[in-house]
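> Sequence and predicted structure are below.
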Amino acid sequence: MSAALKLEYKSESEDPIVEVKTALDALTTEVKAKADNDNKLVARIAELETKLARPNIITDKKSDEDITPERKAFTSFLRSGIERMPAEETKALVVSDDTRGGYLAPAEFQTEILKGIVEISPVRQAARVGSTGAGSVILPKRTGTPTASWVGETETRTGTESAYGQIEIPVWEMACYVDVSQQLLEDAAINVEGEVSSDLIEEFGRLESSAFVTGNGFKKPEGFMAVPGITEFVSGSASTIADADGQANGLIAAFYDLPAAYRARVVWGMNSTTLGSVRKLKDASKNYLWQPAIQAGEPSTLMGRPVIEMPDMPDEGAGTTPIILGDFNAAYRIYDRVGMSILRDPYTQATSGKVRFHARRRVGGATVMVEALRKIKCATS
């Protein structure tokens, strides 16, 4: 081999054997890295398959990703107050003037409150519910209809016109406060929103439920049992709405006295004591008027129409009116002005280790069409 040729192999970097070895080492490293990645991928797939093989478990607990910034901020407000909240959470709060109620609950909190009130106040299930941004709602109502008559070819025609009036529904305020211990607020394992909303649901639900039925319209909604002009039908005796033969002629008469348009949407309202008596009623053919629900979640029916249990309706007795029926969607209106407003007071009860939460809601309600309702009244003797 010539000297010139030998010089070409003096440098190790130019040795073909070294180059091949280097390439093999690099390839081995690359294959090993791919193998490690493949092993991780196989392990990940196995983990996912294991999770998929588990039985489905439904939970109401939301992950942190599901909770909105507004709700997180409101929870911090309940626990620690505005003074100790981070700036980003303070911005997430919906703020109103102090004279108008402080801090408004986030949308999720208000939704939970309203859902609970529906369960406690059954009138909301049947009446028409809306919202308003004013202190009262004015509804125009037709009070008279045009009148026409048959005339001859050249007879004089008479003039006529419709008559209109209006109904005003004021929006009233109800308020209460809830005291919560400081230790309960500091315990992160406790659902503070649930504890506060549970107390508010119970009290506001009780208050508005009573007003929608028997309210006198003074600082509260006007209940449909207090409004004059609803046609009454007497049924039964001084002790029960059932007739002497166990029938219910008064109920049948009241039901068919309603115009057909209202009768198609009739809802019966009574308390649990009256329900017990109604379930025993039969028609002339000895068939029960009461029919249980066909499936779970559906209401029982009386003469084919749903029955709603209203705890605030009076019991059976001489001269009392234990049953109301009619098209509540047309007859009764409910308007919500403020869904829920909460003001945190950490000072008043500080000596007792408690934080006081002042809550308020504004709601109005009134009967707008008495002709869509009928009452069943017990005889006086």
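Structure's in. What do you need? Numbering: from 1, shown residues only.
> Going along the chain, name the strands of the stretch 51-200 of the chain.
Here the stretch 51-200 of the chain has its strands, by DSSP state E, counting those that start in this stretch, at 94-95, 103-104, 128-131, 136-144, 163-170, 172-181.
> Let me have the ones you listed in JSON lines, extended by mean neighbour count, distance to Glu202 and mean pLDDT.
Yep, even glycine has a C-beta here, placed from its N, CA and C like the rest. Putting the strands of the stretch 51-200 of the chain into JSON lines (neighbours: other CB atoms under 10 Å; distance: least, CB to CB, whole Å; pLDDT from 0 to 100) gives the following:
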{"stretch": "strand 94-95", "mean neighbour count": "12", "distance to Glu202": "25", "mean pLDDT": "54"}
{"stretch": "strand 103-104", "mean neighbour count": "20", "distance to Glu202": "21", "mean pLDDT": "63"}
{"stretch": "strand 128-131", "mean neighbour count": "14", "distance to Glu202": "20", "mean pLDDT": "90"}
{"stretch": "strand 136-144", "mean neighbour count": "12", "distance to Glu202": "27", "mean pLDDT": "82"}
{"stretch": "strand 163-170", "mean neighbour count": "13", "distance to Glu202": "25", "mean pLDDT": "86"}
{"stretch": "strand 172-181", "mean neighbour count": "17", "distance to Glu202": "10", "mean pLDDT": "89"}
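> Go through the ones you listed and name the closest to Val355.
strand 172-181 (5.5 Å; CB to CB).
> Distance to Ser209 added to the strands of the stretch 51-200 of the chain, as CSV?
Shown next, in CSV, are the strands of the stretch 51-200 of the chain (distance: least, CB to CB, whole Å):
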stretch, distance to Ser209
strand 94-95, 28
strand 103-104, 24
strand 128-131, 14
strand 136-144, 20
strand 163-170, 18
strand 172-181, 11
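> quick one: which of those strands is nearest Pro306?
Comparison of those against Pro306 by CB to CB identifies strand 128-131 as nearest, at 16.0 Å.
> Parallel or antiparallel, which strands does the closest one pair with?
strand 332-345 (parallel) (DSSP bridges).
> Of the strands of the stretch 51-200 of the chain, give the one that comes closest to Leu373.
When these are compared (using CB to CB), the closest one is strand 128-131, at 13.6 Å.
> Could I get the CA-only coordinates of that closest one as CSV?
Output in CSV follows, covering the C-alpha atoms of strand 128-131 (Å, rounded to 0.1, in the frame of the first residue of the first chain):
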residue,chain,number,x,y,z
ARG,A,128,-97.0,31.6,34.5
VAL,A,129,-93.7,32.9,35.8
GLY,A,130,-91.7,35.8,34.3
SER,A,131,-89.1,38.4,35.2
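> got a list of contacts for stretch 147-161?
Residues from elsewhere that reach stretch 147-161 (CB atoms under 8 Å, 6 or more residues apart in numbering): Pro146.
> Tell me if I'm right that Thr143 and Ile167 touch.
No: between Thr143 and Ile167 there is no contact under CB atoms under 8 Å: 10.2 Å.
> how near is the residue nearest to Asp315 when sequence neighbours are not counted to Ser131?
Nearest residue to Asp315 in three dimensions, chain neighbours excluded: Thr273, at 5.0 Å (CB to CB, 6 or more residues apart in numbering). Distance of Thr273 to Ser131, given as CB to CB, to the nearest Å: 35 Å.
> This completes my enquiry, with thanks.
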